[in-house]
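> Using only what follows, build the 3D model:
(one chain, ligands or ions: 2)
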Amino acid sequence: MEILRGIPVSPGVAIGRAFVLRSEDFFSAARTEITPDDVPREILRFEEALTRTRSDLMKVRRKIAQELSHEHSEIFNAHLLILEDRTLIEDVLSQIKGEKVSAEFAFTTVIKRYFEAFQHVDDEYLRERLADIKDVGKRIILNLLGKKHQSLEHLSEDVILISNDLSPSETASMDRTHVIAFGTDIGGPTSHTAIMARSLEIPAVVGLDRISTMVVTGKHIIIDGNRGIAIVDPDQSTIERYEQEEKRFAQFVIQLDAIKLLPAETLDGHRVELLANIEFPAEIPSILSHGAEGIGLYRTEYFYMNRVDLPTEDEQFVAYREVAERLNPRPVIIRTLDLGGDKYLSSLDLPKEMNPFMGWRAIRFCLARPEIFKAQLRAALRASVFGKLKLMYPMISNVTEVRDANRLLSEVKEELKAARVAFDEKMQVGAMIEIPSAALITDVLADEVDFFSIGTNDLIQYSLAVDRVNAKIAYLYEPTHPAILKLIQLTVQNAKRKKVWVSVCGEMSSDPAMAILLVGFGIDQLSMGPFALPKVKKAIRSVTLKQAKDLAVRALQFTTGEEIKKFLEAKVKLLAPDLFQD
Ligand code: PEP
Ligand code: MG
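Ligands and ions are numbered 1, 2, ... in the order given. The predicted structure follows:
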């Protein structure tokens, strides 16, 4: 038995047999010389392969549009564009004509040049594009060779799909009645494949490093999408343990399903709003089916990241309008561009910094580049008439930043009025509380905004001086550290006094025990990844407001984060035993 650790991207547990999708070396065609007379035939073969690939991709796109959503199907627009890339096509044709080589060899020579060029760029956007080019390239080669794409479409039994990587088109075309989970060597939580797995609700773990080389088709395997592990060749007792877990998880999901559309309200009737965090509009069906009452954090920087140029005001307007309309009458909080830290933009050639998390980023960058910021503000304001939009500024460290941002917002409003463009005059504006200095002056900040949204991910990072992406010091990253709880408590107290409402949109709200604590502190709204919603709702529905408040008071009496964590877990286990079945 071997346990591999990776990144959990879609929850649930599956036990079954592996189906290994080999990423054969598609791009190593042998050099085959041709005569000048063969040139037209090779060009025709290449063009036919492009046409067939195009029709294959259109089929996949149609299937996804029907079975999932229009947004998911749009991932394939990028693939189709690659097929129309004149430079690539001309390069291949001139190889065939000039070098007198077969279409396969010409194509692989050109595409390998692309791979090399892309590999040297340290940029998430380009890495994603490289994956698209590989995916399309694989299809072109197979069509040139007249082979069928290794088929995931017609499986006859349940399998756990194992592969080095899975392209969105492979994920999209797989037979979902038989693919019960998947595990890949590479990939990250925000890859399109991971997002699709979540939408399809198939347990999935990515970043398993070498699973595709360790496992052969038919091997027994367990994918644990809750913990982010894969167990190869599990022993009998592990299988039995996981069979129990699988059953419990299924029952738990049924139980949670039953309360999904009920309000998040304590036993004594105190309502809390439960909203979802999204990165892409494609996640909307999933958040609604998990009972989200709106979007509490729309991380718009991903919109800027998936491209080589900056999004125009109109493009942003179209995206924001779509989200506003689809959620209407539910609220949507657009977080203005939070660039920096671990989120680089490929479209902006910014200098590398020694301390990127504390550098020229987020609101600091937006205030220094008002033309970029104002385009986003204008797009959000224009979209505000199509639903219930709100806006919030990230990484606020002092009151001047909020005032400056609001001044730019007022300027944009005046410009829109002058141009007779409609917008919601009452669109609420909030400040994210992610830096201790902001939490400490929430009494002052409250005079400038309608709400606060506590970004606990960064609040913990900046308060405890713990880089949130550094695994070596992850043991210091303590959400239950008394300092964090005190900053949250102070923020809520100041907010209540000044009558502004408070949300928590960091990962902390997705932990049921922490969620009860936050309700006890007086938080009005919690926003989290959609999968956590039913569980957190169940937690809130299991306690009274008084119990939550007592929990908050008692938690603050401990001196270490570890003690608080243990206390909360023990207490919540007693208050909401059902929650711990999984
Ligand atoms: C946070 O910092 O808690 C937050 C919600 O923002 P992000 O995770 O995008 O930095
Ligand atoms: Mg943040």
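> ok, Ile295 touching Ala276?
Yes - judged on Cβ atoms under 8 Å, Ile295 makes contact with Ala276 at a distance of 5.8 Å. C-beta: built from backbone N, CA, C; applies to glycine.
> Could you tell me which residues touch both of those two?
When Cβ atoms under 8 Å, 6 or more residues apart in numbering defines a contact, the residues bordering Ile295 and Ala276 alike are Ile287, Ser527.
> Go ahead and list the helix or strand containing the closest residue to Pro512 other than its chain neighbours.
Distance criterion Cβ to Cβ, 6 or more residues apart in numbering; nearest residue to Pro512, sequence neighbours excluded, is Ala539 at 3.5 Å. Per DSSP states H and E, Ala539 falls inside helix 533-541.
> How about that helix, which residues are buried there?
Leu533, Pro534, Lys535, Val536, Lys537, Lys538, Ala539, Ile540, Arg541 (16 or more other Cβ atoms under 10 Å).
> ok, so of those residues, who is nearest Ser167?
Closest approach to Ser167 among the buried residues of helix 533-541 (Cβ to Cβ): Leu533, at 29.2 Å.
> got the contact list for the closest one?
Lys260, Leu274, Ala276, Ile287, His290, Gly291, Ala292.
> Span of stretch 500-514 from start to end?
22 Å (Cα to Cα, to the nearest Å).
> Walk me through the domains of the protein.
2-23+151-247, 260-580 (automatic domain parsing).
> quick one: which of the ones you listed is nearest ligand 2?
Evaluated with Cβ to the ion, the domains of the chain place domain 260-580 nearest to ligand 2, the distance being 3.7 Å.
> Give me the longest strand you can find in the chain.
Scanning the chain for the longest strand, with DSSP state E as the assignment, gives strand 13-21.
> same for the helix or strand that that strand is followed by, what does it pack against?
Note on strand 13-21: by DSSP H and E, the next helix or strand toward the C-terminus is helix 39-67. Packed against helix 39-67 by the contact rule (3 or more Cβ pairs under 8 Å, 6 or more residues apart in numbering; DSSP states H and E) you find helix 70-73, helix 75-83, helix 86-99, helix 103-119, helix 124-145, helix 168-173.
> Can you say which of those helices is packed in most?
Comparing those by mean neighbour count (mean count of other Cβ atoms under 10 Å), helix 168-173 comes out on top with a mean of 23.
> Now do the contacts for whatever residue of the stretch 301-450 of the chain ends up closest to ligand 1.
In the stretch 301-450 of the chain, the residue found nearest to ligand 1 is Glu434; the distance is 5.0 Å by Cβ to the nearest ligand atom. Contacts for Glu434 (Cβ under 8 Å, 6+ apart) come out as Pro394, Met395, Ile396, Ile454, Gly455, Asn457, Asp458, Leu459, Tyr462.
> The fifth one contacts Pro394, correct?
Yes - at 7.0 Å, Gly455 and Pro394 qualify as touching, with contact defined as Cβ under 8 Å.
> who touches both of those two?
In contact with both Gly455 and Pro394: Met432, Glu434, using Cβ under 8 Å, 6+ apart.
> got the residues of the stretch 351-500 of the chain near ligand 2?
With the criterion set to Cβ under 5 Å from the ion, the stretch 351-500 of the chain comes near ligand 2 through Glu434, Gly455, Asp458.
> What's the separation between the last one and ligand 1?
Using Cβ to the nearest ligand atom, to the nearest Å, Asp458 is found at 3 Å from ligand 1.
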